[in-house]
Structure formats: structure tokens, C-alpha cells
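>>> predicted structure and sequence below. I'll ask about it afterward.
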Amino acid sequence: MKTYLITGIFLLLLSPPLLAETLTEYALNCETHVGGEIPTFSCLDGAIIPIQGSEQGPCENPQILNGECWNYSRLGKLESGDQDVEIRFLCRHYNKASGPDDYIFNDIALIQKNMKTGATCFFQSPSGYRPRHDGRRIQAPRRGDLTVWQTPEVTASQECVGCHDNRGFLKTPFVQGVEGYHAVPRPTPTLQYYFPGDVTDYWRVYEVRSTTQPTCSGCHTLGMSNVDRSFRGTARTIGLQAAGLRRTYGQVLGASPWMPYGEVSAQAHARCVANPSQEECQITAFDHYEWDNTSYEAGN
């Protein structure tokens, strides 16, 4: 194991376990340590994500993941059975849909988060331009349906936390047009954020603040992670996109920045990720908890 000292904290560079959980085991771990239970659901029960501009692209609010602008992707809330637990699913079209009732989706993703403790789990389908998922009935992950959901090991290898490094849910322009019941939940002011599950327990996240240019982190939590790459992360990349300093792939030229008044601050926070030892940078580890990974009962 390698450790790197960064302004008083250790940035752990760990590895996933050799023996990974099954999908059912991971889902049961999440129910135990995050709380709530993910039900079987339909993508069509979610709200249609409004696209501003041409769906052939570029558009004002493309999918930040791949720059696509196709209509009729959906964002939805699921009732967890626990007042502290928020669950959101995102069903994306990577190709032109036949209309609002088109139930074939190329990508299905889900986040289950305890807003009080910060415990968070990620579930992901095989995705891309070729996979075609019938979104009318998506089995709960605890059922272990690998035709809908990837194994936890594969999902963990895609390093969701590389982008979701601040509090779990990201409210980019792509999804911010969904309001009301299905909207992305507001973050809670806490430094608790961790990832129960054998395959994601090695993920670590850190809050990034600039003491000399605090505009961005004065209102928003910007983060970095131990799986950070130079092309992603809220402090390194998304902050620059929000300030209009880095073009979002698929976005129309001349589109208004999400946060047009934070250019200098966004640059300062990005520098802190590149060089955390600078005097102006405060890098604070989110709390990470040890947890009992044998507390589920397989088969329940």
C-alpha cells in the first residue's frame, strides 16, 4: 500500500479486494449500511429530462458523461422506506428515441445514499450505444439480475467516485431541469461520505477548499478522490466547466456558464488538486467508517 502526505492527511492508494461480492451480496450490504431498500421500478415512472436545443447536438445541456443530447432520458426518485435515504435512477438514451414512451434505454444508473451518515452505493447497467435495456421493469439489484446490472466489481472498476467525489449526487445542467419530486436532492452539510461494500471500500474522498479564492467552495462542496484522473472530478474539472473555462463535450459554443462569476476561484480549486501542498489549499478527508461486511444474510 502506498500513502502520500497531503497537507496533513494521507491520500490512500488502495486496491479492490481479490474476492468480490456478488450483486446480491453488495445490494444487501447497501441495505444494511446505507439503509432502505431499492424496489423493482420502471424507467418510465421517472421525469423526462428536458433538453435545451437540438437533440442531434450540440445543445445547451448535454449529458456530461458523453455529450449526447437525445430527448426523453429520465430521472426518477424511488421510495426507500427510510426517511434518511435518497434513491435516484437515471435512464439514458444514447440514440434517438421514438418518443416519450420509448422504453429501450442504453444506460441505467442508480445511487442509494443515506443523507445523514453519507453511506453511498452505486449500481450501473452495461452501457454504451449497443446495449438495449427494457426499462419498463428493472429488477431490484438484490435479485442479482446480471442482464440489467453489472457485477459490483465491474461497476467499481469504472470508478464512479472519480466524478461523484463531493457528496454523491451531481446536479449538472443535464439534470437540473427536473424539478419537484424527482429532482436531484440538495446536499447535506456534512463531511461524512463513504462507500460500504467490499469492492468500493478502497474509495476515499476529500473536500477541496481554496482559502484565497473561496467563492466556489463557499457555496458548493468541491472534491477530489484517490481514483482522480486529470479529466474528471468536481474540483479539478467540473468546477472549470461550471465557470465556462472548460468546454463541456457536446455543449453548443457560446453557451452560458453554469456559474459565470467563479472563474478565478474555479482555477484556484483546480490548482489545489494538481498541487495540494500549496499554502492556500485545505484538503480535508471525508469521514470513512469501518463496517462489518458479514452482516448481511445471503438469500434474504
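It's in.
>>> can you list the buried residues in stretch 244-255?
Residues 244, 246, 248, 250-252, 255 are the ones in stretch 244-255 that count as buried (16 or more other CB atoms under 10 Å). The way it works is simple: take the backbone N, C-alpha and C, and place the C-beta from them, glycine included.
>>> please apply the same query to stretch 236-246.
In stretch 236-246, counting by 16+ other CB under 10 Å, buried: 236-244, 246.
>>> quick one: average confidence on it?
The pLDDT scores in stretch 236-246 average 95.
>>> measure that stretch end to end?
11 Å (CA to CA, to the nearest Å).
>>> contacts for it next, please.
Under the contact criterion CB atoms under 8 Å, 6 or more residues apart in numbering, stretch 236-246 has outside partners 64, 163, 170, 172, 216, 222, 224, 228, 230-232, 247-248, 256-260, 262-263, 265-267, 269-270, 273-274.
>>> centre of the chain to it, how far?
With CA atoms, centre = their mean, to the nearest Å as the basis, stretch 236-246 stands 17 Å off its chain's centre.
>>> how about stretch 162-182?
Centroid separation for stretch 162-182 versus its chain: 8 Å, with CA atoms, centre = their mean.
>>> ok so, going back, which of the contacts of stretch 236-246 fall in strands?
Using DSSP state E, the subset of those located in strands is 222, 224.
>>> so of the contacts of stretch 236-246, which ones are in helices?
Counting by DSSP state H, the contacts of stretch 236-246 place 216, 263, 265-267, 269-270, 273-274 in helices.
>>> give me the buried entries from the residues you listed.
Buried members of the ones in helices among the contacts of stretch 236-246, scored by 16+ other CB under 10 Å, are 216, 263, 265-267, 269-270, 273.
>>> re the thing from before, using a markdown table, lay out the ones in helices among the contacts of stretch 236-246 together with distance to Pro100 and pLDDT.
Output for these, formatted as a markdown table (distance: CB to CB, whole Å; pLDDT from 0 to 100):
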| residue | distance to Pro100 | pLDDT |
| --- | --- | --- |
| Cys216 | 36 | 94 |
| Glu263 | 38 | 95 |
| Ser265 | 39 | 97 |
| Ala266 | 36 | 97 |
| Gln267 | 41 | 97 |
| His269 | 39 | 97 |
| Ala270 | 39 | 96 |
| Val273 | 40 | 96 |
| Ala274 | 43 | 93 |
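>>> thank you, goodbye.
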